[in-house]
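J.: I'll drop the sequence and a predicted model, then ask my questions.
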Amino acid sequence: MNADDFTSLEGDDVSSSSKIRYLGSGEDAIVRPGCVLVAPTHEYDHFLMKSAVFIHAIGLDDTEEMVIRGVIIDHPTAFTVGEMSPNIMGNLSKNPLFRGGRTGRDTAMLLHSAGGPDGPIKSANMIGSSGIYEGGIVSAMESVDADIVPPDQCKFFFNYMEFTEKELNDMFADMEDGDAWVSLEVPTEFVLDSGLERGQMWSRLRNYIRSIREKM
């Protein structure tokens, strides 16, 4: 399987118009900003078990160590972002809040698909080629209240997952019965879906991975 191949899935879990790019599995996987890492069935870490992790940043931390940061896209909390962050007001405050991971200072992070130089939400740099942007909360509140941007184009997370290069390499090297972590590029709406239940996107993407392995 070529990592640049696109594959479409038809059925209940993934729409026939959706396209997913397979970026590899195990030690051969490509990890870059904008990709989604899908856990194997033998991952038992409390946060990473049955998870799909959107990688939003790769760079040096305060100690000059290379780190990879991402948010778990299918770990909803029981709260709206407005209930947990009173600074977020208006219609956007009704959006559910997702737990992105174990690391951080319990501050809210906004991901959305309405940025760029011509976008109504002020955040210029796309994350990889994902069609997703970070930040711009004030302009996001204004744009949603003015009906310029629908609320479902925005998704809130608190905390994130952080990996060193060694930790990530060890994760991808851990293979059991031919199963390992997988890297994918997925449609923007998969990441920004605020209706996901715990492990729901993981399950959808695992179905995709299973179909790919059957073709290998």
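T.: Nice, thanks for sending it over. Quick caveat: nothing in here was measured; it's all calculated off a predicted structure. Numbering: from 1, shown residues only.
J.: quick one, helices of this structure?
T.: With helices called from DSSP state H, the chain shows them at 81-84, 137-145, 165-173, 188-192, 200-215.
J.: Any idea which of the ones you listed gets closest to Leu111?
T.: helix 188-192 (6.5 Å; CB to CB). Heads up, the C-betas are built off the backbone N, CA and C, glycines and all.
J.: Asp152 is in contact with Ser194, isn't it?
T.: Yes: if you go by CB atoms under 8 Å, Asp152 and Ser194 touch, sitting 6.2 Å apart.
J.: neighbours around Thr77, how many?
T.: By other CB atoms under 10 Å, the residues close to Thr77 number 15.
J.: Equivalent analysis for the one 4 residues further on, please.
T.: The criterion is other CB under 10 Å. On that basis, Val81 has 26 neighbouring residues.
J.: related to what we said a few turns ago, JSON lines for the helices of the chain, including distance to Leu97?
T.: Formatted as JSON lines, the helices of the chain follow (distance: least, CB to CB, whole Å):
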{"stretch": "helix 81-84", "distance to Leu97": "5"}
{"stretch": "helix 137-145", "distance to Leu97": "13"}
{"stretch": "helix 165-173", "distance to Leu97": "26"}
{"stretch": "helix 188-192", "distance to Leu97": "14"}
{"stretch": "helix 200-215", "distance to Leu97": "16"}
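J.: Compare the ones you listed and give me the one nearest Arg21.
T.: Comparing the helices of the chain by their distance to Arg21 (CB to CB), the top pick is helix 200-215, with 10.8 Å.
J.: quick one: buried residues of that closest one?
T.: In terms of neighbour count (16 or more other CB atoms under 10 Å), helix 200-215 has its buried residues at 200-202, 204-206, 208-209, 212.
J.: Same question for stretch 77-95.
T.: If you call a residue buried by 16+ other CB under 10 Å, then stretch 77-95 has these buried ones: 80-82, 85, 88, 92-93, 95.
J.: likewise stretch 47-63?
T.: The neighbour-count check on stretch 47-63 (16+ other CB under 10 Å) flags 47-48, 50-56, 58 as buried.
J.: returning to what we had before: want to try JSON lines for the buried residues of stretch 77-95, with distance to Glu189 as columns?
T.: Shown next, in JSON lines, are those (distance: CB to CB, whole Å):
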{"residue": "Thr80", "distance to Glu189": "20"}
{"residue": "Val81", "distance to Glu189": "19"}
{"residue": "Gly82", "distance to Glu189": "23"}
{"residue": "Ser85", "distance to Glu189": "24"}
{"residue": "Ile88", "distance to Glu189": "22"}
{"residue": "Leu92", "distance to Glu189": "18"}
{"residue": "Ser93", "distance to Glu189": "22"}
{"residue": "Asn95", "distance to Glu189": "15"}
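J.: In strands, which of the residues you listed appear?
T.: Residues of the buried residues of stretch 77-95 located in strands (DSSP state E): Thr80.
J.: Pairing partners for the spatially most central residue of the chain in the sheet, please.
T.: Centre of the chain computed as the mean C-alpha position; nearest residue by CA atoms, centre = their mean is Phe54, 2.6 Å away. Per DSSP bridges, the residues bridged to Phe54 are Val36, Val71.
J.: Next: the one 4 residues further on.
T.: Each beta-bridge partner of Ile58 is listed here: Ile68, as defined by DSSP bridges.
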